[in-house]
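K.L.:
Here is the input, now give the coordinates:
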Amino acid sequence: MFTPLPSSAAWAHRDARTGFEVTYFRGDARGILVEGCATAVEDGTVWAIDYRLRLDGSWHTRSAQIVGRYPDGRRSVLVQSDGLGRWQVDGTPAPELDGCLDIDLEASAFTNALPVHRLGLAVGDAADAPAVYVRAASLTAARLPQHYRRVVDGVGHRYDYRAPDFDYRATLDYDESGLILDYPGLATRCA
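P.N.:
Here you go, the predicted model:
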């Protein structure tokens, strides 16, 4: 359905915050390793987030190591999954996250590619894709209900997206490799 990932990608944050994200991809026998960094100024606060995501061959999130730098110091969190929807946060079981298969980093435009790849929706198909949502400022993890509906096929891919907890609804454009090109109000792909 998608072409192979490029070796890297970058997004400029816009509207909600000012910043930039760079991500590198490496495939191996275990799946895909994604390493990235996002920096931003949001509501007058400066932050930088480094992340390392391990995805299995089916695009299920297996782990996310996240380190944040803030004016008051550093914080980190390790989120791990068994690949079947059971999670641990810093080694502690997190049953409130049961059933989620994807990680969604508030700091990252890239992570909206995870459910799109994993679901493999045909035009007209839709699915709920709740995710483990990690806030940029606090590195806290919570369940985020999300819904994707594939609406157009062509050069790239287009999905109607909803995140009801944020009262957010938009049409997201993805390229042929399944990376987001335009995330209205949040980010635009620039490399």
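
K.L.:
Not counting its neighbours along the chain, what's nearest residue 87?
P.N.:
residue 97 (4.1 Å; Cβ to Cβ, 6 or more residues apart in numbering). C-beta: built from backbone N, CA, C; applies to glycine.

K.L.:
And for residue 49?
P.N.:
residue 107 is the one closest to residue 49 (Cβ to Cβ, 6+ apart), at 4.1 Å.

K.L.:
Quickly note the distance from the residue nearest to residue 87 to residue 25.
P.N.:
Per Cβ to Cβ, to the nearest Å, residue 97 is found 25 Å from residue 25.

K.L.:
Name the residue in those two with the higher neighbour count.
P.N.:
Taking neighbours as other Cβ atoms under 10 Å, residue 97 and residue 25 compare with residue 97 leading, 23 against 20.

K.L.:
Just to check, that one is in contact with residue 132?
P.N.:
Yes. Counting by Cβ atoms under 8 Å, residue 97 touches residue 132, with 5.1 Å between them.

K.L.:
okay, and the common contacts of the two?
P.N.:
By Cβ atoms under 8 Å, 6 or more residues apart in numbering, residue 97 and residue 132 have these common neighbours: 87, 141, 142, 143.

K.L.:
From the contact counts, what lies against the helix or strand containing the last one?
P.N.:
Using DSSP states H and E, residue 143 sits in strand 141-144. Packed against strand 141-144, as judged by 3 or more Cβ pairs under 8 Å, 6 or more residues apart in numbering; DSSP states H and E, are the following elements: strand 131-134.

K.L.:
quick one: contacts for the residue nearest to residue 87?
P.N.:
When contacts are counted by Cβ under 8 Å, 6+ apart, residue 97 touches 87, 89, 132, 141, 142, 143.

K.L.:
wait, doesn't residue 91 sit right on residue 77?
P.N.:
No. Contact criterion Cβ under 8 Å: residue 91 and residue 77 do not qualify, at 10.7 Å.

K.L.:
what's in contact with the helix or strand hosting residue 26?
P.N.:
Assigned by DSSP H and E, residue 26 falls within strand 18-28. For strand 18-28, the surrounding residues in contact (Cβ under 8 Å, 6+ apart) are 5-13, 32-42, 107-110, 187.

K.L.:
And the buried ones among those residues, selectable in ChimeraX?
P.N.:
With 16 or more other Cβ atoms under 10 Å as the criterion, this ChimeraX line picks the buried residues out of these:
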select :5,9,11,13,32,34,36,37,38,39,40,42,107,108,109,110,187
